[in-house]
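1. My questions are about this predicted structure, shown below with the sequence.
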Amino acid sequence: MRKLLFAASLASAMVAGAAANQLKAQEQVTGEVELTRPQVEGIVREYLLSNPEILLEMQSALEEKMKNQQAQASQQAIAGSAEQIFQSAHDGIIGNPDGDVTIVEFFDYNCGYCKRALSDMEALLAKDGNLRFVLKEFPILGPDSHAAHVVSMAFRKLAPEKYGEFHRRLLGSQGRANEETAMRIATDLGVEEAALRESMKDPEIEKAFAETYQLANTLQINGTPSYVVGQEVVYGALGQDHLTEKIAAARQ
């Protein structure tokens with residue numbers, strides 16, 4: 001409804017402008033035409049009532065223009081921050097580290113959509129051995145999320161070879177992820193709690209979060225999951241088929 005109202009307003013302005021220009025041109029030729037603003041508005045109203053389909057046409061054109069503008073802005077942002085997006089030392093990697101296509105996922109351990117999207121990642125990796133998944137820890141859902149991600153970052157530093165299993169277990173777990181649940185999974189995977197708590201004090205963890213927040217802002221990402229695939233930003237859990245299309249486009 002808001003889009004239609006905006007389109008109607010835009011249409012009114014454009015038609016009114018066209019009408020005013022036409023009348024001005026006619027006045028210059030004949031010197032006889034002079035309409036008031038209410039009269040011009042009446043002409044616009046009558047035109048829109050007689051041709052309501054123009055609103056849908058303008059809405060489609062506007063959406064397409066905005067989509068193209070956003071795509072261009074995303075491409076520029078990705079090109080300007082490629083090293084931080086695809087090669088940051090702060091990020092975990094799952095799949096083929098030398099894969100020809102990289103998917104970068106911004107996620108939060110307490111994001112329900114991220115939990116559901118976990119199966120998409122697993123399916124894509126199972127059928128595509130040349131895929132590299134970069135996981136950007138993006139705690140945006142409160143203190144519990146932040147605490148769980150601190151444990152995750154510390155765990156990856158101590159046991160990078162087990163990070164994939166840790167990620168799958170924590171993201172796939174029931175209930176809310178927090179420091180306690182993350183710690184339990186980490187110790188179950190063989191990392192000593194004392195060593196883990198010491199690693200959690202590393203100031204690089206907070207610097208990594210700050211870097212990710214800045215990247216998200218640059219890429220206009222404000223929710224999870226969000227992905228970068230090739231030169232595109234994909235917002236939301238749109239499913240395995242949609243990501244497969246983006247992977248194919250990146251390979252081309």
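-> Received it, and whenever you're ready, just let me know what you need.

2. From residue 217, how far out is the nearest residue to residue 137 once chain neighbours are set aside?
-> Closest residue to residue 137 apart from its sequence neighbours, by Cβ to Cβ, 6 or more residues apart in numbering: residue 149 at 4.7 Å. Yep, even glycine has a C-beta here, placed from its N, CA and C like the rest. Distance, residue 149 to residue 217, using Cβ to Cβ, to the nearest Å: 18 Å.

3. Residue 110 now?
-> Residue 110 is 21 Å from residue 217, where distance means Cβ to Cβ.

4. which of the two has more neighbours?
-> More crowded of residue 110 and residue 217, by other Cβ atoms under 10 Å: residue 110, with 22 against 11.

5. Ramachandran angles for the more buried one?
-> phi -110, psi 10 (degrees, to the nearest 10).

6. Give me the pLDDT for it.
-> On the pLDDT scale, residue 110 is placed at 98.

7. contacting residues for it?
-> 141, 142, 144, 145, 148, 176, 177 (Cβ atoms under 8 Å, 6 or more residues apart in numbering).

8. Nearest to residue 49 among those residues?
-> Using Cβ to Cβ, residue 141 comes nearest to residue 49 of these, at 47.6 Å.

9. Is it correct that that closest one is in contact with residue 113?
-> No - Residue 141 lies out of contact with residue 113 (Cβ atoms under 8 Å); the separation is 11.1 Å.

10. who touches both of these two?
-> In contact with both residue 141 and residue 113: residue 224, using Cβ under 8 Å, 6+ apart.

11. For residue 66, state which of the contacts of residue 110 is nearest.
-> Of all the contacts of residue 110, residue 66 sits closest to residue 141, with 28.1 Å by Cβ to Cβ.

12. separation between that closest one and residue 171?
-> Distance from residue 141 to residue 171, by Cβ to Cβ: 13 Å.

13. same check, this time on residue 194
-> According to Cβ to Cβ, residue 194 stands 25 Å off from residue 171.

14. out of the two, which sits in the more crowded spot?
-> Neighbour tally, residue 194 and residue 171, criterion other Cβ under 10 Å: the higher count belongs to residue 171, 21 against 8.

15. quick one: contacts for that one?
-> Counting by Cβ under 8 Å, 6+ apart, residue 171 touches 107, 109, 114, 115, 118, 177.

16. Repeat the analysis, applying 6 Å as the threshold.
-> Listed by Cβ atoms under 6 Å, 6 or more residues apart in numbering, the contact set of residue 171 reads 109, 115, 118.

17. Closest one of these to residue 94?
-> Of all the contacts of residue 171, residue 94 sits closest to residue 118, with 10.8 Å by Cβ to Cβ.

18. which element is the closest one on?
-> Using DSSP states H and E, residue 118 sits within helix 112-127.

19. measure residue 203 to residue 148 for me?
-> As judged by Cβ to Cβ, residue 203 and residue 148 stand 19 Å apart.

20. between these two, who's got more neighbours?
-> Each of residue 203 and residue 148 has its neighbours counted (other Cβ under 10 Å); residue 148 has more, 28 against 7.

21. Which strands or helices does the helix or strand containing the more buried one pack on?
-> Counting by DSSP H and E, the element that carries residue 148 is helix 143-158. Applying 3 or more Cβ pairs under 6 Å, 6 or more residues apart in numbering; DSSP states H and E, one finds that helix 143-158 contacts helix 179-188, helix 193-199.

22. Please identify which of those helices is closest to residue 122.
-> Nearest of the helices and strands packed on helix 143-158 to residue 122, taken as Cβ to Cβ: helix 179-188 at 17.4 Å.

23. Quick one: mean pLDDT over that closest one.
-> Averaging pLDDT along helix 179-188 yields 98.

24. What lies in contact with that helix?
-> With contacts defined as Cβ under 6 Å, 6+ apart, helix 179-188 is touched by 147, 148, 151, 155, 166, 169, 170, 193, 196.
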